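Asks: Give the three-dimensional model of this entry:
(chains A, B and C)
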Amino acid sequence: MDKPPHRLPVFLNLAQIRFPIGAIASIAHRVSGVLLFIALPVLAALLDASLRSEADFASVRGLLSSPLPLVVAGMLAWALVHHVLAGIRHLLMDVGIGGELERARASARLVLFAAPALALLLLVWGLS
Amino acid sequence: MRLFDGQRAWVIQRISAVLLLVLIVLAVLALPFASPLDFSAWRAFAGGALGGPLIALLFGALCAHAWVGLRDIVLDYIQPRGLRLAVLSLIAVVLLGVLVRVLLSLAAVALAT
Amino acid sequence: MRLNIYRFDPESGAPPRMQAYEVQPEAGDKKLLDLLMRLRVQDDSLSFRRSCREGVCGSDAMNINGRNGLACLTALDGLKEPVVLRPLPGFPVIRDLIVDMTQFFAHYHSIQPWLINDEPLPERERLQSPTERERLDGLYECILCACCSAFCPSYWWNPDKFIGPSGLLQAYRFIADSRDTASAERLDFLDDVYRLYRCRTIMNCTEVCPKGLSPSHAIERIRLALLRRSS
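Replies: Numbering: from 1, shown residues only, chains lettered A, B, ... in the order given. Below is the predicted model:
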């Protein structure tokens, strides 16, 4: 077959593709992982400060209990819960549990719904 | 720049995941027994023979896990070689920085107590 | 029935566009392919591949309402209108719904899709016990239609390096075959960040396989075989 004369088009418009539930759980796994990565240096800095002096410890504590960055806290809570739940799902699939399509769909749905709910609970518990 | 190829990266990702899971479960189980934290108690825990290694292990696992995961994302979405190398290096620097900082602060506490 | 079909003519130099069609199914028209054949009478410039019209040759894979499938196995009943037809995602489009499968088959060849066995030939055929034969169920049925690989994001991002679900299912078909003695070499070849480990088990492949196979399961088995070998 002759090589086509010019670059051929490729159809890859993600908005026009109907993604299965497993793909949505997976992209959320990625997004949550990136969020947690961004939080990691902050966590290290907080740990460092909390061990430095009495005053720094108090200010870290004040920062953690202030409801000011509520949106940030909510996002991180969701990221943590989703990442952990989706991770457990994958680890179970590795050892042969829930790898069939029907069960994988059900567990993906469960993770996607449970993560925001548990994150909200975590947030409420953290504020109280 | 691969740093952990094929299977090794996959295994490290799984092992660090299980480790983190265990640490999270331990933390949740320990929570009801923890007394309200004050500075000296927190320092004693982090500088102790149990707390120090646990915190170091936590951050070690976090960094290893984050490296494999982020590297996977870069290999998927960033194709130009130069940009890919730059982003991978940035990630490595951040993770290494986190690790060094945590180890230094833990060492400082351990030496002071 | 109303359809909306991706059109591309390499000779015109114009970018791809969507074209609306209206066609009346007649008695006996059951599958999407039947309708496409009627459309070709209406507009003979419309191009697509098809051959066996019963899900064996794997020629008429396309993106149907956002999901990959075979036109000949997709029932007209229950199809949402307008039926949007596009070529397989991520594959270079040659014309309309016809894509260039060169790379896809290059990956297939890379896994050496034939039995390798250096032992002396037996008098008759190499025998398999029924249990050994059963291990090939769910693997040998693959018709290489590319529905799975063209629905896999990992394949979209690295089509030149990731073997893709179809090629990996085929690879496992030979690893699992009792008559093949090259499992170790096959596993060596697959142990690579790109070839095998781009898979994140999102299972898009299994979702769209028109033969009901599970490439994601085969990939999982390859990873476990690699793990078992190195421990």
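Asks: contacts, neighbours, all on C-alpha from now
Replies: Noted.
Asks: what number of residues lie near B:Leu99?
Replies: Neighbour count for B:Leu99, taken as other CA atoms under 10 Å in any protein chain shown: 18.
Asks: most centrally placed residue in chain C?
Replies: When CA atoms, centre = their mean is applied to chain C, the residue found nearest the centroid is C:Ala146 (2.1 Å).
Asks: Look up phi and psi at that one.
Replies: phi 80, psi 10 (degrees, to the nearest 10).
Asks: And C:Gly69, by the same measure?
Replies: Phi and psi for C:Gly69, reported as degrees, to the nearest 10, are phi -170, psi 170.
Asks: tell me the contacts of it?
Replies: C:61-63, C:147, C:208-210 (CA atoms under 8 Å, 6 or more residues apart in numbering or on different chains).
Asks: Closest to chain B out of these?
Replies: When the contacts of C:Gly69 are compared for distance to chain B (CA to the nearest CA), C:Cys147 wins out at 20.3 Å.
Asks: residue ranges with poor pLDDT in chain A?
Replies: Counting by pLDDT under 70, chain A has low-confidence residues at A:1-6, A:67-68.
Asks: The helix ranked longest in chain B near chain A at all?
Replies: Longest helix in chain B, counting residues (DSSP state H): helix B:81-112. Yes - part of helix B:81-112 sits near chain A under the criterion CA under 8 Å from any CA of the partner chain, namely B:94-95, B:98, B:101-102, B:105, B:109.
Asks: interface residues of chain A facing chain C?
Replies: Applying CA under 8 Å from any CA, we find that chain A lies next to chain C at A:8-12, A:16-20, A:22-23, A:26, A:90, A:94, A:99-101.
Asks: Pull out the buried residues from the residues you listed.
Replies: Neighbour counting with 16 or more other CA atoms under 10 Å in any protein chain shown marks A:8-12, A:17, A:20, A:22-23, A:26, A:90, A:94, A:99, A:101 as buried within the residues of chain A next to chain C.
Asks: would you list these in a markdown table and tack on distance to C:Leu97 and secondary structure?
Replies: Formatted as a markdown table, these follow (distance: CA to CA, whole Å; DSSP: H, G, I helix; E, B strand; the rest coil):
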| residue | distance to C:Leu97 | secondary structure |
| --- | --- | --- |
| A:Leu8 | 13 | coil |
| A:Pro9 | 12 | coil |
| A:Val10 | 11 | strand |
| A:Phe11 | 10 | coil |
| A:Leu12 | 13 | coil |
| A:Ile17 | 16 | coil |
| A:Pro20 | 23 | coil |
| A:Gly22 | 27 | helix |
| A:Ala23 | 25 | helix |
| A:Ser26 | 29 | helix |
| A:His90 | 35 | helix |
| A:Asp94 | 37 | helix |
| A:Gly99 | 33 | coil |
| A:Leu101 | 28 | helix |
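Asks: Pick out the residue in chain C sitting closest to chain A.
Replies: C:Gly66 (4.1 Å).
Asks: My guess is that residue contacts A:Pro20. True?
Replies: No - counting by CA atoms under 8 Å, C:Gly66 does not reach A:Pro20; the two are 10.3 Å apart.
Asks: what residues are up against the residue nearest to the centre of chain C?
Replies: C:58, C:61, C:104, C:166.
Asks: For residue 15, the count of nearby residues, please.
Replies: As the question left the chain open, I've gone with chain A. Count around A:Ala15 with other CA under 10 Å applied: 8.
Asks: Let me rephrase: I mean chain C.
Replies: C:Pro15 sits with 11 neighbouring residues when counted by other CA under 10 Å.
Asks: Make sure it is actually in contact with C:Arg95.
Replies: No - between C:Pro15 and C:Arg95 there is no contact under CA under 8 Å: 11.3 Å.
Asks: And the strands in chain C?
Replies: Counting by DSSP state E, chain C has these strands, from start to end: C:2-7, C:17-22, C:61-64, C:67-70, C:83-86, C:93-95, C:98-99.
Asks: Identify, by residue count, the longest helix of chain C.
Replies: helix C:215-230.
Asks: from the middle of its chain, how far away would that one be?
Replies: Distance of helix C:215-230 from its chain centroid, counting by CA atoms, centre = their mean, to the nearest Å, is 20 Å.
Asks: for stretch A:79-93, same thing?
Replies: With CA atoms, centre = their mean, you get 9 Å for stretch A:79-93.
Asks: Could you name every residue contacting both of C:Pro15 and C:Arg95?
Replies: C:Phe8.
Asks: what number of residues lie near residue 28?
Replies: Since no chain was named, I'll use chain A. Counted with other CA under 10 Å, residues neighbouring A:Ala28 total 17.
Asks: actually chain C
Replies: 7.
Asks: can you pull the buried residues of stretch B:11-24?
Replies: For stretch B:11-24, a neighbour-count test (16+ other CA under 10 Å) marks B:12-21, B:23 as buried.
Asks: Give me the contacts around it.
Replies: With CA under 8 Å, 6+ apart as the test, stretch B:11-24 has contacts from A:84, A:87, A:91, B:58, B:61-62, B:64-65, B:68-69.
Asks: now those as TSV including secondary structure and neighbour count?
Replies: Below are these laid out as TSV (DSSP: H, G, I helix; E, B strand; the rest coil; neighbours: other CA atoms under 10 Å in any protein chain shown):
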residue	secondary structure	neighbour count
A:Val84	helix	21
A:Gly87	helix	19
A:Leu91	helix	16
B:Leu58	helix	17
B:Ala61	helix	21
B:Leu62	helix	22
B:Ala64	helix	18
B:His65	helix	23
B:Val68	helix	21
B:Gly69	helix	18
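Asks: What is the most widely separated pair among the residues you listed?
Replies: Spanning the widest gap among these are A:Leu91 and B:Leu58, at 18.8 Å by CA to CA.
Asks: Please enumerate residues in contact with stretch A:42-57?
Replies: Residues contacting stretch A:42-57 (CA under 8 Å, 6+ apart): A:58, A:60, B:39, B:42-43, B:98, B:101-102, B:105, B:109.
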